[in-house]
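Undergrad: any chance you could fold what I've pasted below:
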Amino acid sequence: YATPAAALDLPDISISIYPDSGRQRIVEILLSYHLDAQELSSRKELLEQQCQALLQTIWPLAGDQRILACADVVARLCRYDPSAGSTAYHALLEGSADSEGMALALALLCQRTQPVLSCTVVDGQWNGVSHLWNVVQTAGGYRHVDLTQSGEVVFRTDQEMAAAGYTWDSERVPVCAAEEET
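TA: Model (predicted):
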């Protein structure tokens with residue numbers, strides 16, 4: 001999640017341990033990618049070109065306006081579909097993605113701005129179902145942003161997210177407290 005431009009094909013993972021018992025064993029991890037190297041290279045190049053084009057309108061903005069503009073770009077270009085692809089490529093070039101793809105797309109755009117905007121991908125649950133979203137650093141502190149929710153992009157605190165049915169590992173995510181709580 002730290003390098004969304006590199007996450008263009010999420011592999012199937014197979015783990016084997018042999019022999020079945022004993023003090024010395026071998027662990028074999030097999031990563032099976034779905035796309036060949038040429039397709040991955042092509043997708044990476046297209047994604048980089050799309051990011052540069054999208055960021056042209058964002059460069060003049062600053063602070064929270066820049067974060068909102070990045071989020072608006074992803075929300076405008078991508079329709080949330082839980083059964084769609086899980087990469088920034090799916091979100092920004094194919095027009096639909098699951099929560100992981102949308103969160104990676106926002107993280108990618110934030111990373112490509114200058115100065116770089118702080119944006120973390122959060123792996124948690126929403127109403128008991130695996131779901132991903134972002135935490136961004138705003139003028140008011142860290143805030144959650146879930147682009148899968150239709151409508152206007154909204155910055156939310158931990159309390160607001162918890163009330164809406166979200167759960168996450170609070171040890172791994174910056175605290176998103178209301179200003180009066182800090």
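Undergrad: name the nearest residue to residue 159, sequence neighbours excluded.
TA: Counting by Cβ to Cβ, 6 or more residues apart in numbering, residue 159 lies nearest to residue 178, which is 6.8 Å off, once chain neighbours are set aside. C-beta here means a position set from N, CA and C on the backbone, and glycine is covered the same way.
Undergrad: from what I can see that neighbour touches residue 157, true?
TA: Yes: judged on Cβ atoms under 8 Å, residue 178 makes contact with residue 157 at a distance of 5.0 Å.
Undergrad: of those two, who's got more company?
TA: A side-by-side neighbour count of residue 178 and residue 157, using other Cβ atoms under 10 Å, places residue 157 first with 19 against 13.
Undergrad: got the contact list for that one?
TA: If you count contacts by Cβ atoms under 8 Å, 6 or more residues apart in numbering, residue 157 has them with 143, 144, 176, 177, 178, 181.
Undergrad: could you say what helices and strands the longest strand belonging to the chain packs with?
TA: Ordering each strand of the chain by length in residues (DSSP state E) puts strand 129-138 first. Under the contact criterion of 3 or more Cβ pairs under 8 Å, 6 or more residues apart in numbering; DSSP states H and E, the helices and strands touching strand 129-138 comprise helix 63-77, helix 99-112, strand 119-126, strand 141-145.
Undergrad: quick one: list the elements packing against the longest one.
TA: I take that to be helix 63-77. In terms of contacts (3+ Cβ pairs under 8 Å, 6+ apart), helix 63-77 is packed against helix 99-112, strand 129-138.
Undergrad: chain center to it: distance?
TA: If you compare the mean C-alpha spot of helix 63-77 with that of the full chain, they lie 14 Å apart, counting by Cα atoms, centre = their mean, to the nearest Å.
Undergrad: for that helix, list every residue counted as buried.
TA: Residues of helix 63-77 classed as buried: 64, 66, 67, 68, 69, 70, 71, 73, 74, 75, 77 (neighbour count, 16 or more other Cβ atoms under 10 Å).
Undergrad: from memory the third one sits against residue 110, does it?
TA: So the one you mean is residue 67. Yes: in terms of Cβ under 8 Å, residue 67 counts as a neighbour of residue 110; the distance is 7.0 Å.
Undergrad: residue ranges in the protein under the pLDDT threshold?
TA: Counting by pLDDT under 70, the chain contains low-confidence residues at 179-182.
Undergrad: go again using 50 as the cut-off
TA: For the chain, the stretches with pLDDT under 50 are 182.
Undergrad: elements contacting the longest helix belonging to it?
TA: Ranked by residue count and defined by DSSP state H, the top helix of the chain is helix 37-55. Contacts defined by 3+ Cβ pairs under 8 Å, 6+ apart place helix 37-55 against helix 88-89, helix 99-112.
Undergrad: now those helices as a markdown table including distance to residue 17 and mean neighbour count?
TA: Formatted as a markdown table, those follow (distance: least, Cβ to Cβ, whole Å; neighbours: other Cβ atoms under 10 Å):
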| stretch | distance to residue 17 | mean neighbour count |
| --- | --- | --- |
| helix 88-89 | 34 | 28 |
| helix 99-112 | 28 | 26 |
